[in-house]
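Q: Build me a model:
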Amino acid sequence: MIGRLRGTLLEKQPPWLVVDVAGVGYELEASMNTLVALPGTGEPVALYTHLTVREDAHLLYGFLREQERALFRALIKVNGVGPKLALAILSGMDEAAFMRCVMDDDAKALTRLPGVGKKTAERLIIEMRDRFPHWEPSGDALAGLAGAAPEPGQQDPLADAEAALVSLGYKPAEAARMLVGLEGEGSTEAMIKAALSRRMAG
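A: The predicted structure is shown next:
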């Protein structure tokens, strides 16, 4: 099991990133909350990881905070929730926001996430409620990140942001609507953050 990586961030193409560790490039998939908080390419980075082994692939997921990885691992234990949906949930809200939805029985907020219907939202609330008394809520993972610098070398941040939203489970037309008017946000990560924030606000 690969539990943590420390190295140099080589590539960042949401939702994917590559970390060089002693000459070996590890490809990871990460939530948008983690991607927005990462430094620029060429900078050192340390990530908590979760390895999923399937018959056709070994998939590595990266998390900036151990608490986010813990929630990811809890989510994929819920019936009907796989790694893709778990990442979509973590991209739409941080741990503290998800915890509030569960504790407040706010299924409506959860259904704003891609792939989460009413039944899935209700199942998440029921199955996750008992896990949270042992958790301490973290701060807002996105606090202070509004001024994130644009990633150098990106040709079309808007197209990259739309592709990333589609990879999370939003339909192409919906992803395009979510990004309307956000061209001035700068980087791909900043546009994704703004689009998800606006979507969750209803």
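
Q: Tell me which residues of the one helix or strand V18 maps to come out buried.
A: Under DSSP states H and E, the secondary-structure element containing V18 is strand 16-21. In terms of neighbour count (16 or more other CB atoms under 10 Å), strand 16-21 has its buried residues at L17, V18, V19, D20. From N, CA and C alone the C-beta is placed, and that goes for glycine too.

Q: Using a markdown table, lay out the residues you listed together with pLDDT and distance to F63.
A: Putting those into a markdown table (pLDDT from 0 to 100; distance: CB to CB, whole Å) gives the following:
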| residue | pLDDT | distance to F63 |
| --- | --- | --- |
| L17 | 93 | 11 |
| V18 | 96 | 16 |
| V19 | 96 | 12 |
| D20 | 97 | 18 |
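
Q: Not counting residues beside it along the chain, what's closest to the residue nearest the centre of the chain?
A: Central residue of the chain (CA atoms, centre = their mean): S31, 1.7 Å from the mean position. The shortest distance from S31 to any non-neighbouring residue, by CB to CB, 6 or more residues apart in numbering, is to L90 (3.8 Å).

Q: Is it correct that that neighbour falls within a helix?
A: Yes. Using DSSP: H, G, I helix; E, B strand; the rest coil, the secondary structure at L90 is a helix.

Q: wait, it sits on N33?
A: Yes. Shown here, L90 and N33 form a contact pair, counting by CB atoms under 8 Å, at 6.1 Å.

Q: what do those two both touch?
A: The contact sets of L90 and N33 overlap at E68 (CB atoms under 8 Å, 6 or more residues apart in numbering).

Q: need the contact list for L17.
A: Counting by CB under 8 Å, 6+ apart, L17 has contacts L9, E11, E27, L28, A30, L35, L38, G62.

Q: Let me have those in JSON lines, extended by pLDDT and secondary structure.
A: JSON lines is the format used below for the contacts of L17 (pLDDT from 0 to 100; DSSP: H, G, I helix; E, B strand; the rest coil):
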{"residue": "L9", "pLDDT": "96", "secondary structure": "strand"}
{"residue": "E11", "pLDDT": "92", "secondary structure": "strand"}
{"residue": "E27", "pLDDT": "95", "secondary structure": "strand"}
{"residue": "L28", "pLDDT": "96", "secondary structure": "strand"}
{"residue": "A30", "pLDDT": "93", "secondary structure": "strand"}
{"residue": "L35", "pLDDT": "88", "secondary structure": "helix"}
{"residue": "L38", "pLDDT": "90", "secondary structure": "coil"}
{"residue": "G62", "pLDDT": "95", "secondary structure": "strand"}
